[in-house]
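*Asks:* Quick check, what structure comes out for this input:
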Amino acid sequence: MQRPWYLQFWPWFLITLPMCAVVASLYTFHIARSGADSMVVDDYYKKGRAINQDLSELKEAARLGLVAELMLQDGLLSLRLQGNHTEGEAIRIRFSHPTLADQDLERLLTSGGDGAYRYRPERPLMEGQWNLQIEAFDGRWRIQQRIALPITDRLIIRAKG
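*Replies:* Numbers count the residues shown, from 1 in each chain. Presented below is the predicted three-dimensional model:
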């Protein structure tokens, strides 16, 4: 007498292979749906047009001869600006991580009595490569450079245009 099909090995083996593929595809769908790719820009046309404006801001910083001196010690960020800029004007500083948008940091800073801009971030900046942008609060000029953290001594950033 022959055993019923559901008690034999081969039917279950043949059913298991497609079921594994179904489970894997459902899990892949879950991963794709749960996290958006932060490196993809939704409005690439507007982003491309903004690049042209960025170039004029970089040229203005070079024309003004701006130089920034950046220090990061004991979690305190200290920045000094040299060149032909308005003394005491507020600046915007932006640390952008190349791949992790949730690590980005942007702040509007005002200078102290000694002309230095100081800020203590809420969370320490990760080690590695960062895109640093320093710009006037009204967007007239911008200095930008890719930097590596941590900074051991001080970092000099010159405007290029």
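*Asks:* For the strand or helix carrying Ile93, which strands pair with it and how are they oriented?
*Replies:* Using DSSP states H and E, the element containing Ile93 is strand 91-96. Looking at strand 91-96 with DSSP bridges, its partner strands are strand 105-109 (antiparallel), strand 128-136 (antiparallel).
*Asks:* Those: which one's closest to Leu81?
*Replies:* strand 128-136 (7.8 Å; CB to CB). (C-beta placed from N, C-alpha, C; glycine too.)
*Asks:* which helix of the chain spans the most residues?
*Replies:* Determined from DSSP state H, the single longest helix within the chain is helix 9-34.
*Asks:* before we move on, the earlier item: contact partners of the strand holding Ile93?
*Replies:* For strand 91-96, the external contacting residues (CB atoms under 8 Å, 6 or more residues apart in numbering) are 77, 79, 81, 104-109, 117, 119, 125, 130-137.
*Asks:* Report pLDDT for Asp138.
*Replies:* Reported pLDDT at Asp138 in the predicted model: 88.
*Asks:* Over to it. Which of the three states is it?
*Replies:* coil (DSSP: H, G, I helix; E, B strand; the rest coil).
*Asks:* Could I get the contacting residues of the nearest residue to Leu132 once chain neighbours are set aside?
*Replies:* Nearest in space to Leu132, with sequence neighbours left out and distances taken as CB to CB, 6 or more residues apart in numbering, is Ile147 at 5.0 Å. Neighbour list for Ile147: 70, 129-132, 155, 157 [criterion: CB under 8 Å, 6+ apart].
*Asks:* Before I go, just wanted to say thanks for your time.
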